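Sequence first, predicted model second:
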Amino acid sequence: MADGDTDALLDETRLARWLDERGLAPGEPLRARRLTGGASNVMFAVERGGNRWVLRRPARVAIERANEGMRREHRLLSALEGTDVPHAEPVALCEDHDVLGCNFYLMAHVDGVVALPPPKGLDDPAGRRELTLALTDALARLHRVDVEAAGVGDLGRPEGFHERQVSRWRGQLESYGGRRELPGIDAVTAWLERHRPSRFEPTIMHGDYHMMNVLVAPRAPARVLAIVDWETATIGDPLLDLAGFTEVWPSAVDEGWPGRDEIVERYVATRGVGDLGDLTYYEVLYNFRLGVLLEGIYQRSLVDPDRPVQEMLGERALFNVARAAELVGA
């Protein structure tokens with residue numbers, strides 16, 4: 001049976017038939033409930049025959065190319081099988097829109113928690129440091145994956161990656177219809193165009209790596225169980241992930257957590273790379289991209305009947321663009 005919020009986006013009868021066809025506890029009673037979290041896509045907990053899965057699908061008012069995004073996320077999770085990158089096990093992908101009206105996929109439930117507040121036994125300075133280093137190691141391991149060996153070398157277009165960033169995200173911003181201004185964005189984009197890196201080593205890039213997109217063990221010792229929310233993942237510049245991680249850190253945690261320099265030092269050691277140099281360009285690009293992305297979620301929430309207006313995300317979009325402007329001295 002479904003709860004009230006589930007009915008509009010998940011037809012249990014059709015889902016049960018699809019599960020039957022794939023031999024996933026055929027004929028057993030099915031229970032689904034909508035999960036909180038996730039701004040661009042929607043997730044449901046699905047229980048059947050002793051199995052616990054998570055179903056991920058686009059929101060009713062979906063982001064551009066949302067169905068392709070479901071396919072990409074499932075493919076990425078499948079590619080991570082057999083690696084040391086913590087992730088949820090992919091179960092099945094559906095591209096038959098007769099089932100739920102969109103692409104969706106099923107993955108194994110991960111019995112973890114987000115890293116903030118710290119899990120039991122990790123809420124002192126030593127535990128917080130242990131947790132921080134575990135999250136840093138998970139990111140470094142993701143960036144060590146050989147994309148060709150994993151079969152995802154074609155998942156992105158690393159050639160011209162940085163050359164495309166400003167035009168790609170400005171175009172996305174314009175697609176929202178120009179409902180409001182984001183002060184400082186012109187200065188930010190002009191600065192980014194002048195400071196592009198000349199080269200980088202392409203890897204799998206998560207695109208939104210931070211403590212709320214990582215599930216960890218619910219008690220000490222610190223263990224990352226799964227990196228989640230792969231909707232912005234691609235083959236790109238890994239330093240954008242690292243800069244984003246360190247940008248979120250100081251604004252999201254309180255006293256007693258390791259600082260940016262220790263995170264970068266640990267990342268370098270775990271990934272096995274040399275000095276990374278100045279990361280300012282990546283910090284600016286991270287805030288610019290995230291500001292545009294959050295603005296899109298906010299704008300869609302204004303017209304999505306299934307969701308409340310995302311005022312906090314709208315404010316966060318303004319904050320991220322302002323932070324980017326601050327970094328470039330605008």
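It's in. Residues are numbered from 1 along each chain as shown.

who touches the closest residue to residue 274 other than its chain neighbours in this structure?
Closest residue to residue 274 apart from its sequence neighbours, by Cβ to Cβ, 6 or more residues apart in numbering: residue 268 at 7.4 Å. Yep, even glycine has a C-beta here, placed from its N, CA and C like the rest. Residues in contact with residue 268 (Cβ atoms under 8 Å, 6 or more residues apart in numbering) are 274-276.

Let me know whether my guess that residue 268 is in a strand holds.
No. Counting by DSSP: H, G, I helix; E, B strand; the rest coil, residue 268 is not part of a strand but helix.

quick one: which of the contacts of residue 268 has the most company?
residue 276 (16 neighbours; other Cβ atoms under 10 Å).

related to what we said a few turns ago, what's the pLDDT at the residue nearest to residue 274?
We have a pLDDT of 97 for residue 268.

With the one 4 residues further on instead?
Note for residue 272: predicted pLDDT of 95.

same question, the one 3 residues further on
We note a pLDDT of 90 for residue 275 in this prediction.

For the contacts of residue 268, give me CSV that also has distance to residue 52.
Converted to CSV, the contacts of residue 268 look like this (distance: Cβ to Cβ, whole Å):
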residue, distance to residue 52
274, 43
275, 44
276, 40
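
residue boundaries of the strands in the stretch 201-330 of the chain?
All strands of the stretch 201-330 of the chain, identified by DSSP state E, counting those that start in this stretch, fall at 203-205, 214-216, 224-227, 234-236.

Make JSON lines out of these and add mean pLDDT.
Shown next, in JSON lines, are these (pLDDT from 0 to 100):
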{"stretch": "strand 203-205", "mean pLDDT": "96"}
{"stretch": "strand 214-216", "mean pLDDT": "96"}
{"stretch": "strand 224-227", "mean pLDDT": "98"}
{"stretch": "strand 234-236", "mean pLDDT": "94"}
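
out of the ones you listed, nearest to residue 137?
Residue 137 lies closest, by Cβ to Cβ, to one member of these: strand 224-227, at 7.5 Å.

Do you have the helices of this structure handy? List them.
Residue ranges of the helices in the chain, as given by DSSP state H, are 12-21, 66-79, 97-100, 125-144, 161-175, 185-194, 238-252, 260-271, 280-301, 311-327.

related to what we said a few turns ago, of all the strands of the stretch 201-330 of the chain, which one comes closest to residue 116?
strand 214-216 (9.9 Å).

Buried residues, stretch 174-186. List them.
Neighbour counts over stretch 174-186 (16 or more other Cβ atoms under 10 Å) mark 182, 184-185 as buried.

possible to save the strands of the stretch 201-330 of the chain as CSV with distance to residue 8 and mean neighbour count?
As requested, those are exported to CSV (distance: least, Cβ to Cβ, whole Å; neighbours: other Cβ atoms under 10 Å):
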stretch, distance to residue 8, mean neighbour count
strand 203-205, 33, 24
strand 214-216, 27, 24
strand 224-227, 28, 21
strand 234-236, 31, 20
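
mind checking which of these is nearest residue 49?
Closest among these, once you apply Cβ to Cβ, is strand 224-227, at 22.5 Å.

Tell me how far the closest one lies from the chain's centre.
Chain-centre distance of strand 224-227: 12 Å, with Cα atoms, centre = their mean, to the nearest Å.

Which strands or helices does it pack on?
Here strand 224-227 touches helix 125-144, strand 214-216, going by 3 or more Cβ pairs under 8 Å, 6 or more residues apart in numbering; DSSP states H and E.

let's see it at 6 Å
strand 214-216 (3 or more Cβ pairs under 6 Å, 6 or more residues apart in numbering; DSSP states H and E).

Each with direction, which strands does the strand it packs on pair with?
Each strand paired with strand 214-216, and its direction, by DSSP bridges: strand 113-114 (antiparallel), strand 224-227 (antiparallel).
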